[in-house]
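1. this one's structure only:
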């Protein structure tokens, strides 16, 4: 990649906070494919999601796999805790039939496989599940794949510290929500110097515009979890939220296009 192209790519990935509101495909395009699988990730990429969120865990034998729940029960043909199963055991499971026969035989992907199908022009919201081991190994893989410029870790303080011990420049989304108190959460995120924060529906939207402005002034980009309703998406865009995590990517992309956000070109 030429130097000019790298500069343009970085500028597109890191616009000034508050430039526009964009969609984030939560666990991929989960309305149209089984969550946290390669079909869901590819669909989000093809539809032009500027950010894609997915969950990472560590198997018993140290492999990084994409799975939201602590067990495989809900989204695969198997049963048991991810941390207590080997990679071979998890890989043998059907992670698609529960969603639709069309996806029969889809496997649980690895972090490497997911990163390989997401272009470097799309932000990767890597949500860490578990302890510090997943942070250390995820940061190492992201660093070794040369993906630090478009991947950030959504994690707690201990995980962030472990990740930065491996890759000091890795971006962090502060997920320590300070007991649901948004003011304290905002203060803590700014004090830590995190690049992202993830506000959420449980904290309400009263005073949101002012909190978003304070975060933007400190250089923090604002993610919001989550929105599947047109009215809420419009409210979040008006408040200046940078990225909206959504389970309905098609709706979110359409509404944001109407309000002038989600520029993907």
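-> Yes, it's here. Please read these numbers as outputs of a predicted model, since none were measured by experiment.
2. can you show me the helices along the stretch 151-265 of the chain?
-> Assignment of helices within the stretch 151-265 of the chain using DSSP state H, counting those that start in this stretch yields the ranges 157-166, 182-192, 208-217, 230-239, 249-259.
3. mind listing what's buried in the third one?
-> When you say that, I think you mean helix 208-217. Residues of helix 208-217 classed as buried by neighbour count (16 or more other CB atoms under 10 Å): 208, 211, 212, 215, 216. Yep, even glycine has a C-beta here, placed from its N, CA and C like the rest.
4. ok so, going back, just put the helices of the stretch 151-265 of the chain in JSON lines and tack on distance to residue 86.
-> Formatted as JSON lines, these follow (distance: least, CB to CB, whole Å):
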{"stretch": "helix 157-166", "distance to residue 86": "23"}
{"stretch": "helix 182-192", "distance to residue 86": "36"}
{"stretch": "helix 208-217", "distance to residue 86": "42"}
{"stretch": "helix 230-239", "distance to residue 86": "41"}
{"stretch": "helix 249-259", "distance to residue 86": "33"}
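5. closest to residue 27 out of those helices?
-> For these, the distance to residue 27 is smallest for helix 249-259, at 10.4 Å, taking CB to CB.
6. who's in contact with that closest one?
-> 21-23, 25, 29, 31-32, 43-44, 47-49, 227-228, 230, 233-234, 237-238, 244, 246, 262 (CB atoms under 8 Å, 6 or more residues apart in numbering).
7. ok, now with 6 Å
-> Helix 249-259 is contacted by residues 21, 23, 25, 29, 230, 233, 237, 244, 246, 262 when judged by CB atoms under 6 Å, 6 or more residues apart in numbering.
8. name the residues of the strand or helix carrying residue 124 that are buried.
-> Residue 124 belongs to strand 123-128 when assigned by DSSP states H and E. Across strand 123-128, burial judged by 16+ other CB under 10 Å covers 123, 124, 125, 126, 127, 128.
9. who is the residue nearest to the fourth one when sequence neighbours are not counted paired with across the strands?
-> In other words, residue 126. Of all residues not flanking residue 126 in the chain, residue 153 sits nearest, at 5.2 Å (CB to CB, 6 or more residues apart in numbering). Following DSSP bridges, residue 153 is listed with bridge partners residue 126, residue 172.
10. got a pLDDT number for residue 153?
-> At residue 153, the pLDDT value in this model is 98.
11. closest to residue 105 out of the helices of the stretch 151-265 of the chain?
-> Nearest to residue 105 among those is helix 249-259; the distance by CB to CB comes to 23.7 Å.
12. next, the angle from the closest one to helix 230-239.
-> Here helix 249-259 runs at an angle of 50 degrees relative to helix 230-239 (axes from the mean of the first three to the mean of the last three CA atoms, to 10 degrees).
13. look up how far residue 226 lies from residue 99.
-> Distance, residue 99 to residue 226, using CB to CB, to the nearest Å: 19 Å.
14. cool, and residue 88?
-> 33 Å.
15. and if you look at residue 71?
-> Taking CB to CB, one finds residue 71 at 22 Å from residue 226.
16. which SSE is residue 24 in?
-> Per DSSP H and E: residue 24 is located in strand 22-26.
17. can you give me the strands in this protein?
-> 22-26, 51-58, 64-66, 123-128, 151-155, 171-174, 196-200, 221-225, 243-246 (DSSP state E).
18. if we can go back for a sec, quick check: angle from the strand holding residue 124 to strand 151-155?
-> In terms of direction (the same axes, to 10 degrees), strand 123-128 departs from strand 151-155 by 30 degrees.
19. elements contacting strand 123-128?
-> Packed against strand 123-128 by the contact rule (3 or more CB pairs under 6 Å, 6 or more residues apart in numbering; DSSP states H and E) you find strand 51-58, strand 151-155.
20. Serialize those strands to CSV and add fields for distance to residue 189 and mean neighbour count.
-> Below are those laid out as CSV (distance: least, CB to CB, whole Å; neighbours: other CB atoms under 10 Å):
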stretch, distance to residue 189, mean neighbour count
strand 51-58, 18, 25
strand 151-155, 12, 26
